[in-house]
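**Student:** take a look and give me a structure for this.
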Amino acid sequence: MTWTEESLRAEGFENPKRAAKELSGLAATLGGPAAERIHEAAKRSSEPDELIAAFDRSREGLQGLSEPTLSRLLDWLPALFHTSTFAPRLLATRPALPRWLAGSRTLTREKTKEQYRCEALAATRRALPTDAEGLQRRLRRYKYREFLRIMVRDAALRAPMEELGREQSALAEALIGAALAWAERSLGAKYGTPDTPGFCILGMGKLGGEDLNFSSDVDLIYLYRADGHTTGGTAGALPNVQYFTRLGEAVTQALTKVTAEGFCYRVDLNLRPQGRAGAMVLSLPASLAYYETFGRMWERAALLKARAVAGDATLAEELLSELGPFIWRRSLDLSAVDGLRDMKARIDLRGKASADDVKLGPGGIREVEFFVNALQLLQGGKDRTLREPRTMRALRKLERAGFVSGPDADALEEAYAFLRRVENRLQMLEERQTQALPTGERERRRLATSLGYPDWDAFHAELERHRRFVLGAFNTLLGQTARDEVPDEPLLALALDPDVSPEERQAALEKRGFEHPERALGELERLARVPHSPFVDGGSGVKAVRLLSELAQTPDPDQALLHFSDFLSRLHQPEGYLALLTSMPRASRRLFNLFGQSDYLSRIFLRHPELLDALVQAQLDEALKSPERLRQELGARLGRHTDAEAKHAAMPRFKNEELLRIGLNDISGDLSVPEVAEQLTAVADAILDECLFLALQEQRERYGQPLDANGQREGLVVIAMGKLGGYELGYHSDLDLIFVYSGNGQGETSGGHRGTLTHHEYFAKTVQRLMTLLQVQLREGHLYKIDARLRPSGNQGALVVSQDTLREHHQKRAQPWERQALIKARPAAGDATRFQALRETVLAPLVYERPLPPDTAAEIDRLRTRMERELAQENAQQLNPKLGQGGLVDVEFTVQYLQLVHGREHPRVRSTNTLAALEGLQAEGCLSPEDAETLRQGYLFLRRVENRLRLLHASSLAHMPTSGRPLAQLARRLGVLGTEPGETFLAHYRACAVRVRDVYARVLRASR
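**Tutor:** Numbers count the residues shown, from 1 in each chain. Take a look at the predicted model:
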């Protein structure tokens, strides 16, 4: 027969030229009548071109067959090819299969387990113990041969779904048994046999319930009887646990490895005790101990379907018999009801995330299974007849026991069979694990017609009818659904669902705001390995979704999730902390906001998770503490210890707690920029004072007291400079210090157990010890880094100087910038009374009372320009809020220059604090209100940016990004919202910098 393009186009072929060529080839190979039958079948199909192409790909296996054999195949193959694109690919690579299929005597009836078991063992019997590849090849060839037969039974012969599920399960069981038999031969030759034999593989889930679908994982648990040793072989002997672990690994590899022949099954071992965090194999005593101590409701539900699928069936029976009281409770306890509600909530959440999923969606397969399993768990303790692993048989037993009405049982069984067949068809199409309904018009039409419906609308109406009934039964069983109890987070529920592919989970995370979804999924899987966390076993329950939702709402979800994962992974017993977080949402929100806002504070917290106690108990809520209060609290804490070393070791914990307190209240907006600086400064002052006390106490014990000629004690003053001096400390700031002592330093101390020293040597040793106490690395970190370069002669000068040396240096040798730096000098620790005299007799005259050199403005501007050119390192990719153009230094240098100019006549402007000095300059008429406000607002804005940068990063970051995600993150942390927060913030920053630079230039450059 001849097929023309015109006639085939008229019949609905999209590519009639190709179809005509393929039909002609089929006619030449198979004969005209066979080709015409194929043509007629194609015309009835919704995809005629694909059907012709499928036969064309399978032509090699069909040619040469007798007419009766070919005719029999042509009865079945059109329906199979319409259902599955995988089937013709299989026949193209295995051309002997059509003949085998046509000769099968069991195509129209169900094969028994024993038949499958014998066939699988026969197929693999010749695989040598050393030939893993040979075993894998034989297993896969047998599997795909039987898959073809089962697909025909489904697509063409419409075998009952219950039969198909049993056959898929029997096939899997046979393949697992064959793999185990080979692995035992292989390992037995190497290591001998265990002195206490007994190993079994438990089938769980759909395999355990004999209801496997076309592309299911197989849920397995590997169990051995007892510890001991093997008898020894060519490679020696092994402890039993190692032998059985290798046995489990060999079986898993045999089934899962993808080869040129395909694969057998994906093996899921997550239902074993402790899930992914547990050992691959577990002994009978260890398993029983686990379930007795840690067993949870979902594990009771999982064990409903447990049965031996390979190995020592007696061992499996012993385990399940011992676990009977755990699985089947004789009374209806409230904890069981609560556990079932939680399981139901998990299913609700998954359904919300997977509306187009016939398994996980509302009214889907999982809800039917839950309905049946929940009633079994509630009633099976009193009625042993309900202890049935197969879902539909269990449903009928529940009906007979009076727990489900006859009509409801009929409707549920009909819905289950319908949904299972749809699931099979979705997976048969490409041999892919999916339960998602297609979205394309062509794919929908193909699915509907393969199931016998005229179009998608007719199929979808039937689907919705079944779903509505299942959903109603499901929701009625335990009342309120989780859909109304948890955040509306379908994407996060999807991302947490282990039954969804990694690609889909990553896509859901990306849509929900995670910048690096692959890394985020890795962190979720890491959380799933933390024992007793809500993320264990997929973690798609209400608690896990709620926690992940809070993480996702932080400014940086990726960072928040990473830190939370680090936090849980570092804990030896995380369940206590998790219980706190899940029961105290306010505390969890504060912690997660910290993780998502500040890498710097998060790392402090991660090094010291015990700080969670302070967070939970609201000890960190108090935004403002007075300097006196901080000194008292530190003193009280140190008073609990008797020796100096313990007192010193307690200081970093105090500092870390206070940093967290200040940072949390900064992030929440409860502290202003000046208040943050004042609080950080007060903490540093308190610690500095206590460290100086310890250093002086140590020197007094060693060398006595430094007394003057009148027997009065000489004093040491620790002078704060820079940001510490101005009460403007930042999160990563060093402490700029100068150390000055009274007297000339030549006298000797009164003596101690190490003798005497000159006063200068005494104070030098005190300061060296003080710097060690502040800078040494302790278990909880160091206290502060010290910068003493502002002392006379800088790094070339003595670390500690007398009052006279300080005066002489600044009168005769000091540079203009050193005079400018003294503006910030104030007492931080030591003898405050002596500092008062020092300020009046030395510092104030040096800074404010001497005439200014005529080139002071030019010199300050020269230094500022050099800082900008050599240190700021601004470019198109980064800006420097401190040293860059229009940055903080512009504000500070403008104010300090004006202080030097006007400080003699107006003492009010002599403040060490920039904002207070600005206020004084404006009040005294030394700066216009407009310029003062520009500098004030610029200072507050730039300090806030600097604080956020330093909270954002664990290191002292000086530069601000100008584009991309880092800029947007910084902007969001500063409260800038909208679709383009980064661009909005950057425009504001640049405008502020221009205004600040304009005032700076008019003050320092116009006066030259």
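**Student:** which parts of the stretch 751-900 of the chain are helices?
**Tutor:** Ranges of helices in the stretch 751-900 of the chain, per DSSP state H, counting those that start in this stretch, are 759-775, 803-812, 816-821, 832-838, 844, 856-867, 888-902.
**Student:** need the winner for burial among those.
**Tutor:** Most buried of these by mean neighbour count (mean count of other C-beta atoms under 10 Å) is helix 888-902; its value is a mean of 24. The way it works is simple: take the backbone N, C-alpha and C, and place the C-beta from them, glycine included.
**Student:** L799: neighbouring residues, count only.
**Tutor:** 15 (other C-beta atoms under 10 Å).
**Student:** redo the helices of the stretch 751-900 of the chain as JSON lines? Include distance to G513.
**Tutor:** Formatted as JSON lines, the helices of the stretch 751-900 of the chain follow (distance: least, C-beta to C-beta, whole Å):
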{"stretch": "helix 759-775", "distance to G513": "41"}
{"stretch": "helix 803-812", "distance to G513": "56"}
{"stretch": "helix 816-821", "distance to G513": "46"}
{"stretch": "helix 832-838", "distance to G513": "52"}
{"stretch": "helix 844", "distance to G513": "56"}
{"stretch": "helix 856-867", "distance to G513": "39"}
{"stretch": "helix 888-902", "distance to G513": "32"}
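**Student:** make CSV out of those and add distance to D998 and mean pLDDT.
**Tutor:** Converted to CSV, the helices of the stretch 751-900 of the chain look like this (distance: least, C-beta to C-beta, whole Å; pLDDT from 0 to 100):
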stretch, distance to D998, mean pLDDT
helix 759-775, 40, 90
helix 803-812, 33, 83
helix 816-821, 22, 86
helix 832-838, 38, 82
helix 844, 32, 87
helix 856-867, 14, 90
helix 888-902, 10, 93
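**Student:** isn't R791 up against I738?
**Tutor:** Yes. When contacts are counted by C-beta atoms under 8 Å, R791 is listed as touching I738 (5.0 Å).
**Student:** find residues that contact each of the two.
**Tutor:** Jointly contacting R791 and I738 under the rule C-beta atoms under 8 Å, 6 or more residues apart in numbering are V801.
**Student:** which residues touch T234?
**Tutor:** By C-beta under 8 Å, 6+ apart, the neighbours of T234 are 189-190.
**Student:** where do the strands sit along the stretch 51-200 of the chain?
**Tutor:** Using DSSP state E, counting those that start in this stretch, the strands of the stretch 51-200 of the chain run over 199-204.
**Student:** and the residue lying closest to L320 once chain neighbours are set aside, backbone torsions?
**Tutor:** Leaving out its chain neighbours, the residue that sits closest to L320 by C-beta to C-beta, 6 or more residues apart in numbering is A306, at 6.1 Å. Dihedral angles of A306 (phi, psi; degrees, to the nearest 10) stand at phi -70, psi 140.
**Student:** how close does A306 sit to L471?
**Tutor:** 28 Å (C-beta to C-beta, to the nearest Å).
**Student:** higher neighbour count, the two?
**Tutor:** Between A306 and L471, counted using other C-beta under 10 Å, the more crowded position is A306 (24 against 19).
**Student:** quick one, what contacts the more buried one?
**Tutor:** So A306 contacts 202-204, 208, 221, 316, 320, 389 (C-beta under 8 Å, 6+ apart).
**Student:** okay if I get those residues as JSON lines plus distance to A10?
**Tutor:** Shown next, in JSON lines, are those (distance: C-beta to C-beta, whole Å):
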{"residue": "L202", "distance to A10": "59"}
{"residue": "G203", "distance to A10": "53"}
{"residue": "M204", "distance to A10": "55"}
{"residue": "G208", "distance to A10": "53"}
{"residue": "I221", "distance to A10": "59"}
{"residue": "A316", "distance to A10": "63"}
{"residue": "L320", "distance to A10": "64"}
{"residue": "P389", "distance to A10": "55"}
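**Student:** okay, now S626: neighbour count?
**Tutor:** Count around S626 with other C-beta under 10 Å applied: 11.
**Student:** and A155, by the same measure?
**Tutor:** A155, neighbours per other C-beta under 10 Å, totals 24.
**Student:** and for the one 4 residues further on?
**Tutor:** Other residues within reach of A159, judged by other C-beta under 10 Å, total 18.
**Student:** isn't it up against V152?
**Tutor:** No. Counting by C-beta under 8 Å, A159 does not reach V152; the two are 9.1 Å apart.
**Student:** excluding chain neighbours, what is closest to E550?
**Tutor:** F592 (4.8 Å).
**Student:** what residues are up against the one you found?
**Tutor:** Counted by C-beta under 8 Å, 6+ apart, F592 has contacts 547, 550-551, 553-554, 560, 564.
**Student:** in what helix or strand does it lie?
**Tutor:** helix 585-597 (DSSP states H and E).
**Student:** now the following helix or strand past that helix, how far from the chain's geometric center?
**Tutor:** From helix 585-597 onward toward the C-terminus, using DSSP H and E, the following helix or strand is helix 599-607. Centre-to-centre, helix 599-607 and its host chain are 16 Å apart (C-alpha atoms, centre = their mean, to the nearest Å).
**Student:** which other helices and strands does helix 599-607 contact?
**Tutor:** helix 557-570, helix 585-597, helix 644-667, helix 929-952 (3 or more C-beta pairs under 8 Å, 6 or more residues apart in numbering; DSSP states H and E).
**Student:** low-confidence regions, the chain specifically.
**Tutor:** 1, 331-354, 477-488, 537-541, 583, 613-620, 954-957, 1007-1008 (pLDDT under 70).
**Student:** tell me which residue is most central in it.
**Tutor:** The residue lying closest to the centre of the chain (C-alpha atoms, centre = their mean) is E523, at 3.3 Å.
**Student:** now do the same contact list for that residue.
**Tutor:** E523 touches 561-562, 565, counting by C-beta under 8 Å, 6+ apart.
**Student:** backbone phi and psi for the closest residue to D356 other than its chain neighbours, please?
**Tutor:** The shortest distance from D356 to any non-neighbouring residue, by C-beta to C-beta, 6+ apart, is to L437 (4.5 Å). The phi and psi values for L437, taken as degrees, to the nearest 10, are phi -70, psi 140.
**Student:** now the strands: where do they sit in the stretch 301-450 of the chain?
**Tutor:** Under DSSP E, counting those that start in this stretch, the stretch 301-450 of the chain gives strands at 307-311.
**Student:** quick one, helices of it?
**Tutor:** 313-322, 324-327, 334-353, 365-379, 391-400, 406-428, 441-450.
**Student:** so which of those helices is the most packed in?
**Tutor:** Across the helices of the stretch 301-450 of the chain, averaging neighbours per residue (mean count of other C-beta under 10 Å) puts helix 365-379 on top, at a mean of 23.
**Student:** contacting residues around the nearest residue to G380 once chain neighbours are set aside?
**Tutor:** Nearest residue to G380, sequence neighbours excluded (C-beta to C-beta, 6+ apart): L386, at 4.2 Å. Neighbouring residues of L386 by C-beta under 8 Å, 6+ apart: 375-376, 379-380, 394, 397-398, 401.
**Student:** reformat those as TSV; add distance to V530.
**Tutor:** Compiled in TSV, the contacts of L386 are given as follows (distance: C-beta to C-beta, whole Å):
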residue	distance to V530
L375	33
Q376	30
Q379	34
G380	32
A394	34
K397	39
L398	37
A401	40
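**Student:** filter the contacts of F592 down to the ones in strands?
**Tutor:** Assigned to strands by DSSP state E, none of these qualify.
**Student:** mind putting these into JSON lines with distance to L139?
**Tutor:** Below are the contacts of F592 laid out as JSON lines (distance: C-beta to C-beta, whole Å):
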{"residue": "L547", "distance to L139": "42"}
{"residue": "E550", "distance to L139": "46"}
{"residue": "L551", "distance to L139": "43"}
{"residue": "Q553", "distance to L139": "48"}
{"residue": "T554", "distance to L139": "48"}
{"residue": "A560", "distance to L139": "45"}
{"residue": "F564", "distance to L139": "42"}
